[in-house]
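S.K.: any chance you could fold what I've pasted below:
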Amino acid sequence: MAVENNYFWTKKLDNGNTRVGLNDQGRDDLGKISFIDVPAKGTTLKKGDKFISVEAEKAVTDLNSPVDGTIVTVNDQIVDEPAGLSSSDENENWIVEVK
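M.R.: As a prediction, the model looks like this:
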């Protein structure tokens, strides 16, 4: 079962896509993230439905999507190195872009 949360920031990009990343509360509540399972490009997200699974210092959980849309880009660097989610830099800690 996915957890209700406010762990994500969203940012509208110039190309019309919305970028989704982990915010300060998410970083604080989860702790250091060791694994993240992100849906593939082309997956349709529905706000409130399961979005990602994370294994972190303080929790192993599923997190719900903060947006509706189709994933057009996945931040492969975060998938390969989930510790990047600990960064407060939105250019590093984003997870996906949806449209």
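
S.K.: now do the helices in the protein.
M.R.: 24-30, 76-80 (DSSP state H).

S.K.: these into CSV, with extra columns for mean neighbour count, distance to V54 and mean pLDDT?
M.R.: (Glycine included, C-beta is placed from N, CA and C.) Below are these laid out as CSV (neighbours: other C-beta atoms under 10 Å; distance: least, C-beta to C-beta, whole Å; pLDDT from 0 to 100):
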stretch, mean neighbour count, distance to V54, mean pLDDT
helix 24-30, 16, 6, 93
helix 76-80, 14, 11, 95
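
S.K.: adding distance to E90, write those helices out as a markdown table.
M.R.: Below are the helices of the chain laid out as a markdown table (distance: least, C-beta to C-beta, whole Å):
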| stretch | distance to E90 |
| --- | --- |
| helix 24-30 | 11 |
| helix 76-80 | 12 |
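
S.K.: so, low pLDDT: which residues of this structure?
M.R.: Within the chain, the segments meeting pLDDT under 70 span 1-5.

S.K.: ranges for the strands of it?
M.R.: Taking DSSP state E as the criterion, the chain carries its strands at 2-3, 8-12, 18-22, 33-37, 44-45, 50-56, 60-64, 69-74, 94-98.
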